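Visitor: got a structure for you, letters missing:
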């Protein structure tokens, strides 16, 4: 009797394992039977980094406008805060690479920001330069106004509560919650960004 019950137990285990393997294989091939397909707010295959750095001077309104005309599906940009509290679109915190002046954005008022260099080397493509007539720094708010339906990836590089709050406030003011992606390389900053979203 013990050998029969042991054999029956092994048979049941083998049967259960077989059913599990078949079900796993089936649902792996047909996942929508268990889970609904995720409905994304937007799809982006063409993202313009810094508004298409190298095609125009990075992060200028001319760069963003050119990228949209070329068919970009998402703009990527970085933000910093001026001394007088404006959210400025700029990759660098310090202006030396972009303008030739060794000074931080946070120490200047928006109206006192210098112009970009006439030729700005693309940091990720040595020897390649962006040029253009538009050499002014732009406000995040102005980008939101000009491109109300274009998804934007905003990278926050500074652990600055006021900057994060102001970016979040602008996102909400222009009703961009569904088409704005927050990005950062620092987990502490991302935690603060997530709090603003919820």
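Guide: Happy to help now that I have it. No experiment lies behind these values; they were computed from the predicted model shown.
Visitor: count of residues packed around residue 125?
Guide: For residue 125, the count of nearby residues is 11 (other CB atoms under 10 Å). Where you see a C-beta, it was placed from the backbone N, CA and C, and this is true even at glycine.
Visitor: meant to ask about residue 119, not that
Guide: 10.
Visitor: test of understanding: give the bridge partners of it.
Guide: On the basis of DSSP bridges, residue 119 is bridged to residue 131.
Visitor: tell me where the longest strand sits in this protein.
Guide: Identified as the longest strand of the chain according to DSSP state E is strand 74-81.
Visitor: quick check, distance from it to the centre of its chain.
Guide: Chain-centre distance of strand 74-81: 8 Å, with CA atoms, centre = their mean, to the nearest Å.
Visitor: pairing partners for that strand, with directions?
Guide: strand 47-49 (parallel), strand 87-89 (antiparallel), strand 152-156 (parallel).
Visitor: what's the longest one in contact with?
Guide: With contact meaning CB atoms under 8 Å, 6 or more residues apart in numbering, strand 152-156 is reached by 47, 74-79, 140, 143-144, 163-164, 167, 171, 176, 179-184, 189, 193.
Visitor: just the buried members of the residues you listed?
Guide: 47, 74-79, 140, 143-144, 163-164, 167, 171, 176, 179-180, 182, 184, 189, 193 (16 or more other CB atoms under 10 Å).
Visitor: hey, what's the residue most central in space within the chain bridged with?
Guide: By CA atoms, centre = their mean, the chain has its centre lying nearest to residue 153, at 2.9 Å. Beta bridges link residue 153 to residue 76, residue 181, judged by DSSP bridges.
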